[in-house]
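Colleague: Here is my input, please return the structure:
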Amino acid sequence: MKSSKRVAFNLEFSIKSSVQVLFNIVSTSAGLQEWYADYVEMKGNNCKFEWKGMKPEEFTIVVFEENARIRFEKNKDKKHEYLEFLIYKTEISEETILKITDFADEKDLSDQKSLWNHQVKELIHRLGG
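Modeller: Numbers count the residues shown, from 1 in each chain. The predicted structure follows:
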């Protein structure tokens, strides 16, 4: 059976939050547990994400730019796949934007995007939106 090709994809969301508050919720164990994973353990640059009924995933933080960007690279992955949260303000409207970069099998791309939409709705809810 031929395996599906892995592809990177980006999603952008306008979030009613300060950059600092949003960065805190995407870059700390406590913040990520509120909306992304059931359990997050961070020790230095090493991270472990756990979801009920799934095998834990281990990552290394390879980029950390305070209040701007955090990139988690998958440890077991030789293809350099990663999960990245990039936060910025738009120039004209001053909206806070959360840009998510992730990877998925081509055949699962639609499902993965739907999952992220659901997760970000939870994030917005947690932020009081």
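Colleague: Using the three-state scheme, assign Q33.
Modeller: Classification of Q33 by DSSP: H, G, I helix; E, B strand; the rest coil places it in helix.
Colleague: mind starting the numbering at 19 from now?
Modeller: Shifting the count to begin at 19 puts that one at Q51.
Colleague: I figured it hits C65, correct?
Modeller: No. If you go by C-beta atoms under 8 Å, Q51 and C65 don't touch, sitting 11.8 Å apart. Just so you know, the C-beta spots here come from the backbone N, C-alpha and C atoms, and that holds for glycine as well.
Colleague: what's in contact with the helix or strand containing Q137?
Modeller: Using DSSP states H and E, Q137 sits in helix 127-144. The contact list for helix 127-144, computed with C-beta atoms under 8 Å, 6 or more residues apart in numbering, reads 25, 27, 29, 31, 33-34, 43, 52-54, 116, 118, 120, 122.
Colleague: ok, now with 7 Å
Modeller: 25, 27, 29, 31, 33, 43, 52-54, 118, 120, 122 (C-beta atoms under 7 Å, 6 or more residues apart in numbering).
Colleague: With pLDDT as new columns, can those be given to me in JSON lines?
Modeller: Formatted as JSON lines, the contacts of helix 127-144 follow (pLDDT from 0 to 100):
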{"residue": "V25", "pLDDT": "93"}
{"residue": "F27", "pLDDT": "98"}
{"residue": "L29", "pLDDT": "98"}
{"residue": "F31", "pLDDT": "97"}
{"residue": "I33", "pLDDT": "95"}
{"residue": "I43", "pLDDT": "96"}
{"residue": "E52", "pLDDT": "94"}
{"residue": "W53", "pLDDT": "95"}
{"residue": "Y54", "pLDDT": "95"}
{"residue": "I118", "pLDDT": "98"}
{"residue": "D120", "pLDDT": "96"}
{"residue": "A122", "pLDDT": "94"}
